[in-house]
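Novice: how does the following fold in three dimensions:
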Amino acid sequence: MEATFEVYLNDRLIFYSNGKWLHPLFDFEEFLLKENLDPATLFVKDKIVGKAAALLLVKFDIRHVHAGVLSEPGKRVMEDYNVSFSFDRLVKRISCKTEELLVLIDDLDEAYLMLKERAHR
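Specialist: Below you'll find the model as predicted:
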């Protein structure tokens, strides 16, 4: 994996970003709105997937994910929504304010709105 966030369609790289935090996910959302793609057919590779990233990926209807580092809360989200996922390393938590803010939030729409506001989108 060369970029921090990569998206593949049939083993072909169709989107990537080296952005920080959740910005690559929101950039990807804009990409999806412009392209005629079924998100469920895409494969996402992300260097770090915490609960926030997992909730956004589910909200965007992504069904296949590989995380370099996956937090246990992110893993629970993907299990709850039957996302096919793999990871290189599982950690208890990601040391991030966003992960703390989402401790009690499991609703996709509520999380999306809060994250979008925090990202100034």
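
Novice: run through who's touching the helix-or-strand element of the chain with minimal mean pLDDT.
Specialist: Here the helix or strand of the chain ranked lowest by mean pLDDT, DSSP states H and E is helix 97-101, holding a mean of 84. Residues from elsewhere that reach helix 97-101 (C-beta atoms under 8 Å, 6 or more residues apart in numbering): 21, 22, 50, 51, 52, 71, 73, 93, 114, 115, 118. Using the backbone N, CA and C atoms, a C-beta is placed for each residue, glycine as well.

Novice: immediately after that helix, which helix or strand?
Specialist: Next in sequence after helix 97-101, counting helices and strands by DSSP states H and E, comes helix 108-118.

Novice: pull the CA atoms of that following helix into CSV?
Specialist: Extracted in CSV, the C-alpha atoms of helix 108-118 (Å, rounded to 0.1, in the frame of the first residue of the first chain):
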residue,chain,number,x,y,z
LEU,A,108,-24.6,5.9,11.1
ASP,A,109,-26.5,9.2,10.3
GLU,A,110,-25.7,10.8,13.7
ALA,A,111,-22.0,9.8,13.4
TYR,A,112,-21.9,11.0,9.7
LEU,A,113,-23.3,14.4,10.6
MET,A,114,-20.9,14.9,13.6
LEU,A,115,-17.9,13.8,11.6
LYS,A,116,-18.8,15.9,8.6
GLU,A,117,-19.1,19.0,10.9
ARG,A,118,-15.8,18.2,12.5
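
Novice: identify the residues contacting residue 119.
Specialist: By C-beta under 8 Å, 6+ apart, residue 119 lies in contact with 21, 22, 23, 26.

Novice: how near is it to residue 20?
Specialist: 11 Å (C-beta to C-beta, to the nearest Å).

Novice: quick one: low-confidence parts of the chain?
Specialist: 1 (pLDDT under 70).

Novice: redo that, cut-off 80
Specialist: 1, 119-121 (pLDDT under 80).

Novice: tell me which residue is most central in it.
Specialist: For the chain, the residue nearest the mean C-alpha position is residue 53 (3.4 Å; C-alpha atoms, centre = their mean).

Novice: that one touches residue 23, doesn't it?
Specialist: No - counting by C-beta atoms under 8 Å, residue 53 stays clear of residue 23, with 11.1 Å between them.
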